[in-house]
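Chemist: I'd like to go over a predicted model; first the sequence, then the structure.
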2 protein chains.
Amino acid sequence: MAESESGTVDLEIIVQGTQEGKKQELRLWLRMLSTTKLVSQEVRRRLRNEFGATLPQFDLMAQLYRERDGLRLGELSKRTMVTNGNVTGLVERLETDGLVLRETPDGDRRVTVAKLTKKGEELFGAMAAAHEGWLRDMMADVDPAIVTELWKDIGEVKSSVNNHLSGAD
Amino acid sequence: MAESESGTVDLEIIVQGTQEGKKQELRLWLRMLSTTKLVSQEVRRRLRNEFGATLPQFDLMAQLYRERDGLRLGELSKRTMVTNGNVTGLVERLETDGLVLRETPDGDRRVTVAKLTKKGEELFGAMAAAHEGWLRDMMADVDPAIVTELWKDIGEVKSSVNNHLSGAD
DNA sequence: CGTAAACCTTTGACATTTGAAATATTGCTC
DNA sequence: GAGCAATATTTCAAATGTCAAAGGTTTACG
C-alpha cells in the first residue's frame, strides 16, 4: 500500500528566516521554483492517470498541434526548451505509440520533420482541453486581476533574466 | 527560404493568440513554466561550470546545510520534492564524493540520516553565496517592489494550487 | 508473546534530462 | 570537383525523475 511519497513540507519553510530587505530575489526564486514544481507534479499525475501520457510528451505534442505541417526537430528543441538529444528519444517513443510520425523532406536530407498523426491530434485535443481546465481549477482561488498582473510582472522577470545570461541565448 | 532562427524562440510565442479574457490561467502557467526553465538552465550551467555540481545536488545540500544534525531521507524527500527512490541515489553519489555521510541512529534501524561532511559544508557555503548573487544579477532589471509583490502574489497561487490537488496532501 | 499494520528505505524498470562527441548532409570556396 | 565550415540530428554516458513493489524494522493490538 504505497502512500503518497510527497508530503506537505517544502523548501519554502526552510528559508522562512530570510531577513527583509535582503535576498528578495532569492526568496522569489525559491517560491517560483517550488510553485512550479507543485503544479508540474499535479499536471503530470493527471496526465498519467487520465491519458497515460507524460508531461514532456504533452509539451512536445502541443507544439506539433499548432503546426500541422510539422516541425523540424531542432525547432521542436528550441520551442520546448529541451535539448536536441532529448527530442530524438521523445519523438521516437511517440512514434512507437503511433502519435507522431517522422519524415525527411526531399530538399534537405539532414532534416527530420515530426508531425502529429490523426491519432495524435485526437489525443492531444482531449488532453489540451482537460489541461486548461486543470489550470483554471488549480488557480481558482486567485483573483483574475492578480493572474493578469502576475503574467505581466513575470514577463519582466523573464526579460531581465534573458538579458543576463552567461552562456548562449 | 529559411528565416533567421538565431533568436530565443520559446513556447510563449505559440500561445500569443490566446488573450481575450479566457485562458488567463493557462497563459500565466506557461509563462511561469518557461521562466522557471530559463532560470534553472542558467543556474545549472553556472553550478556545473564553477563548482562541478548539479542542481539537484545543490538543492539537497541546501537542506542539509540548514540542519547540521542531518535529516532522514524521507524528510529530505519531502523538502526537496524529490521522490524517495531518487533521494537514495542522490545521497549515494554525494557520499561517494565525500560531501555527505549516512548513518543509522541506534534508536531506529529503519532510518537513515544524511548529513554534510566538513568538505560538504565548505563547498555548499561557496555555492550558496554565488547562487544568491546569480539570482540578484538575473533579476537586476526588475523593480524591487515588483519582486516583493511577485513573491506575495505567487504565494497566493501556490496556496490555491495546494487547495485543489487531486492526489495526496 | 505473536502477528499484522505501519513505517522507512531501497530496488527495479523506464522515461527524461544534460552535455559532449560522433554522423551525416549541405553549402561555400577555391 | 575537392576540401571545409556550417547545419541538423543522433548517439553516448551519467544523472535525475517517476512509480510500483520489495526489504527490513518497529509498533500496536489481541
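Modeler: Looks like it arrived, so ask away.
Chemist: Secondary structure element holding A:Thr148?
Modeler: If you go by DSSP states H and E, A:Thr148 is part of helix A:144-162.
Chemist: Let me know the average pLDDT across that helix.
Modeler: With pLDDT averaged residue by residue, helix A:144-162 scores 97.
Chemist: what angle separates it from helix B:144-162?
Modeler: For helix A:144-162 against helix B:144-162, the angle by axes from the mean of the first three to the mean of the last three Cα atoms, to 10 degrees is 120 degrees.
Chemist: A:Val113 is in contact with A:Glu103, correct?
Modeler: Yes - in this structure, A:Glu103 is within contact of A:Val113 by Cβ atoms under 8 Å, at 5.6 Å. (C-beta placed from N, C-alpha, C; glycine too.)
Chemist: Which strands and helices lie in contact with the helix holding A:Thr148?
Modeler: helix B:24-51, helix B:144-162 (3 or more Cβ pairs under 8 Å, 6 or more residues apart in numbering or on different chains; DSSP states H and E).
Chemist: can you list residues touching both of A:Glu103 and A:Val113?
Modeler: Common contacts of A:Glu103 and A:Val113 (Cβ atoms under 8 Å, 6 or more residues apart in numbering or on different chains): A:Gly70.
Chemist: Tell me which of the two has more neighbours.
Modeler: A:Val113 (19 against 11; other Cβ atoms under 10 Å in any protein chain shown).
Chemist: Which residue is the nearest non-sequential neighbour of the more buried one?
Modeler: Among residues not flanking A:Val113 along the chain, A:Gly70 sits closest, at 4.2 Å (Cβ to Cβ, 6 or more residues apart in numbering or on different chains).
Chemist: tell me the centre residue of chain A?
Modeler: Centroid check for chain A by Cα atoms, centre = their mean gives A:Asp59 as the closest residue, at 5.4 Å.
Chemist: what sits against the nearest residue to A:Leu101 once chain neighbours are set aside?
Modeler: Closest residue to A:Leu101 apart from its sequence neighbours, by Cβ to Cβ, 6+ apart: A:Thr117 at 5.5 Å. When contacts are counted by Cβ under 8 Å, 6+ apart, A:Thr117 touches A:Gly98, A:Leu99, A:Val100, A:Leu101.
Chemist: With respect to B:Gly107, which of those is nearest?
Modeler: B:Gly107 lies nearest to A:Leu99 out of the contacts of A:Thr117, by Cβ to Cβ, at 51.7 Å.
Chemist: So the closest one is in contact with A:Glu122, correct?
Modeler: No - counting by Cβ under 8 Å, A:Glu122 is not a contact partner of A:Leu99; they are 9.4 Å apart.
Chemist: Can you pick out the residue with more neighbours from those two?
Modeler: For A:Leu99 versus A:Glu122, neighbours defined as other Cβ under 10 Å are more numerous around A:Leu99 (23 against 12).
Chemist: Give me the below-cutoff pLDDT ranges for chain A.
Modeler: For chain A, the stretches with pLDDT under 70 are A:1-21, A:167-169.
Chemist: for DNA strand D, what are the nearby residues on it?
Modeler: Neighbours of DNA strand D within chain A, by Cβ under 7 Å from any atom of the strand: A:2, A:5, A:41, A:44-45, A:48, A:72-75, A:77, A:84-85, A:87-89, A:91, A:102, A:108, A:110-113.
Chemist: Which ones among these lie within helices?
Modeler: Members of the residues of chain A next to DNA strand D lying in helices (criterion: DSSP state H): A:41, A:44-45, A:48, A:73-75, A:77, A:84-85, A:87-89, A:91.
Chemist: Was I right to think A:Glu156 contacts B:Met139?
Modeler: No - applying Cβ under 8 Å as the test, A:Glu156 and B:Met139 come out as separate, 9.0 Å apart.
Chemist: Which one's more surrounded, those two?
Modeler: Applying other Cβ under 10 Å to A:Glu156 and B:Met139 shows that B:Met139 carries more neighbours, namely 24 against 16.
Chemist: Next, the angle from the helix holding A:Thr148 to helix B:24-51.
Modeler: 30 degrees.
Chemist: List the buried residues of helix A:144-162.
Modeler: A:146-147, A:149-151, A:153-154, A:156-158, A:160-162 (16 or more other Cβ atoms under 10 Å in any protein chain shown).
Chemist: is it true that A:Ala53 touches A:Met127?
Modeler: Yes - with contact defined as Cβ under 8 Å, A:Ala53 counts as touching A:Met127 (6.5 Å).
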